[in-house]
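# Show me the folded form of this:
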Amino acid sequence: MLRDALIGQAATWQRLMTDLEAGRVPHALMLCGPEGSGKLALALAFAEALLCQHPREDGSACGECTSCRMAAKLEHPDLHFTFPFVKGTRIKNAEDAISDHYIKEWRARVLQSPYFDLNDWLADIDAGNSQATYYVAEADNIQRKLALKSNQGGRKVMVVWLPEKMNQETANKLLKLFEEPPADTHFLMVSEEPDLVLGTILSRTQRILVPPLSHDDYRQAHPPKDERLMLDLFIMLMRLAYQRKVKDLREWADQLASMGRESQKSFLQFCQRQVRENFVYNFHQPELNRQTPDEAAFSRNFARFINERNVIPITEELAKAETDIGQNVNARMVFFDMALKIIVLLLQ
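The predicted model follows:
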């Protein structure tokens, strides 16, 4: 069962079940929350419940009917997926730029674990430095799929992962479909940055905020992978900046520049979190910190350098660098310039 992969989020799940049992499920639902909170896992479990032929008394999926067995393999003919991707070598022209070319990789990734991020996905499809998006042809592909009659005679569900990656032209082509979908058709959108979704789409959806997972639930859902590398790069940045080793910082910037754009953005988000955690560390209330043992070990000596005078400016410099990377500014220049500014800020 897809429901079995759900970790935490009992309150959000109960709200979905209450709406389903009461017949109040909107045709376009957007699950919004921070990365790693389990939004996709919620969407998949809810899709399974919507398609179940013999739901339980609380509205959840039975896990045994034909629909549930097909949904568990992500092969239900009325369960559709759309997600950002890059054209790559397998797509020759704009008219053929649809996500179906990557459905095999998508199913493999989701079945491995629905707790993954954009970096994981881009690595799966060998995106390199390219940034994923929804191409215009994908809008036609979605309309074509949902125009067909339900294969099993029940509902149709379209899971839309990261709609904020949709460009305006693609989104505009889907507005009418979002507003007036075919009967018994549901859109389940999964968004980390709903403010970046086209306003006219947002107005056509009902949003549910998905809170962050507890520390223990997060660790269960997201076993450490690249966090050690990110921590090492963060420690190197701060130590070299404090020591004013400009030449070494240039080499550090070159190392970051060799990573993919999405990995670079993830690193800068990681750094922003570490700066906040180090500032909080100074209050000597361990229950307020959400750090791994390795992160906390570094904070014991480093936290005193993050204070009321520089915590906001450092965070702003990291956020600005993230924005610049997202806009394809030269990565070497972005990281080296940011590192030079942090030299000054650490002395405040």
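
# residues in contact with Val190?
Neighbour list for Val190: Met30, Leu31, Lys39, Leu40, Ala43, Val159, Val160, Trp161, Leu162, Pro163 [criterion: CB atoms under 8 Å, 6 or more residues apart in numbering]. From N, CA and C alone the C-beta is placed, and that goes for glycine too.

# same thing but 7 Å
Shown in contact with Val190 (CB atoms under 7 Å, 6 or more residues apart in numbering): Leu31, Lys39, Leu40, Ala43, Val159, Val160, Trp161, Leu162.

# With Phe298 instead?
Neighbours of Phe298 in contact, by CB under 7 Å, 6+ apart: Ile235.

# Now do it against Gln9, distance only.
31 Å (CB to CB, to the nearest Å).

# Repeat that for Arg228.
27 Å.

# Which of the two has more residues huddled nearby?
Gln9 (23 against 12; other CB atoms under 10 Å).

# For the nearest residue to that one once chain neighbours are set aside, give me phi and psi.
Once flanking residues are discounted, Gln9 sits nearest to Gly38: 5.4 Å by CB to CB, 6 or more residues apart in numbering. Phi and psi for Gly38, reported as degrees, to the nearest 10, are phi 90, psi 20.

# if I look at Gly38, how far off is Thr185?
From Gly38 to Thr185 the distance is 24 Å (CB to CB).

# Kindly check the end-to-end length of stretch 209-222 for me.
Separation of the first and last residues of stretch 209-222 by CA to CA, to the nearest Å is 20 Å.

# got it, and stretch 109-122?
11 Å.

# my read: Gln291 touches Arg276, true?
No. Here Gln291 does not reach Arg276: they are 10.6 Å apart, not a contact under CB atoms under 7 Å.

# Comparing these two, which shows the higher neighbour count?
Between Gln291 and Arg276, counted using other CB under 10 Å, the more crowded position is Gln291 (19 against 16).

# Pull the contacting residues for Ser266.
Asn119.

# For Leu233, which non-adjacent residue is spatially closest?
For Leu233, ignoring the flanking residues on the chain, the nearest one in space by CB to CB, 6+ apart is Phe267 at 6.3 Å.

# can you tell me the helix or strand for that neighbour?
Under the criterion of DSSP states H and E, Phe267 resides in helix 261-281.

# which of the residues in that helix are buried?
Buried residues in helix 261-281, counted by 16 or more other CB atoms under 10 Å: 261-268, 270-281.
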